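K.L.:
Sharing a model that was predicted from the sequence below.
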Amino acid sequence: MQFSTRRRRPAPTVIIVSLIDVLIVVLIFLMATTTFKQQPALKLALPESNQPKTGATPKNAIIVTITKNGVLYYKTDPVTLEALQRDLTAAARLNPETSIAIRADTDAPWGKVVKVRDAAKAANIKSVSASVQSGAGR
C-alpha cells in the first residue's frame, strides 16, 4: 500500500488589472453614447394669443405654474396657496422690483389664476404677466 500525499493545486488567480481595463472601456462607451437631455418637469398646453407680444417676461421673474389639475408650482416646487403667499412676500421684501410670470395650462381652473394674482397683489408685487404661446404664425 502506498500512501502518497496529494499535490494541492494552486488557487486560480484572477488578473484584476484586465478586469479594470475592461470596466473602464465599458464606462467610457456608456458615457460617450448617453445623451443628457433636459426633460421638462411639467407638460403644459399654454393658451394661444394672436396679439403681438407687448413686452417680454423679465429674465428674473418668479415663475408660478398652474397645471390643469389646479396644482401650484413656485419655481419648480409644488406649493399650497398659503406657502406661495409667504414665498412671494419674502421675495418682494428682498427685491421690491420683483415680478411674477404665471404659466397656466389652457384647462387650468380660472379661480386658481385669480388667487395667484391676488397673492401677488397682497405681496406688493406690481408686475404680473401671463405666459402664452404665440399663435400669430399659424
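P.N.:
Structure received. Since this is a predicted model, take the numbers as computed values, not measurements. Numbers count the residues shown, from 1 in each chain.
K.L.:
Next, the buried residues of stretch 67-85.
P.N.:
67, 72-74, 79, 84-85 (16 or more other Cβ atoms under 10 Å). Placement of C-beta: from N, CA and C, glycine included.
K.L.:
Just flag the most distant two among those residues.
P.N.:
The largest separation in those, counting by Cβ to Cβ, is between Thr67 and Gln85 at 18.8 Å.
K.L.:
can you give me the helices in the protein?
P.N.:
Using DSSP state H, the helices of the chain run over 16-33, 81-94, 110-122.
K.L.:
Pull the residues that contact the shortest one.
P.N.:
Read that as helix 110-122. 64, 66, 70, 72, 81, 84-85, 88-89, 100, 102, 104, 128, 130 (Cβ atoms under 8 Å, 6 or more residues apart in numbering).
K.L.:
Same list (these) but as CSV, adding distance to Thr13.
P.N.:
Shown next, in CSV, are those (distance: Cβ to Cβ, whole Å):
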residue, distance to Thr13
Val64, 63
Ile66, 64
Gly70, 65
Leu72, 62
Leu81, 67
Leu84, 64
Gln85, 68
Leu88, 66
Thr89, 68
Ile100, 67
Ile102, 67
Ala104, 66
Val128, 72
Ala130, 70
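K.L.:
returning to what we had before: just name the closest of the buried residues of stretch 67-85 to Pro10, please.
P.N.:
Tyr73 (64.4 Å).
K.L.:
and Thr89, how many neighbours does it have?
P.N.:
Thr89 has 15 neighbouring residues, counting by other Cβ atoms under 10 Å.
K.L.:
pretty sure it is in contact with Ala123, am I right?
P.N.:
Yes. In this structure, Thr89 is within contact of Ala123 by Cβ atoms under 8 Å, at 4.3 Å.
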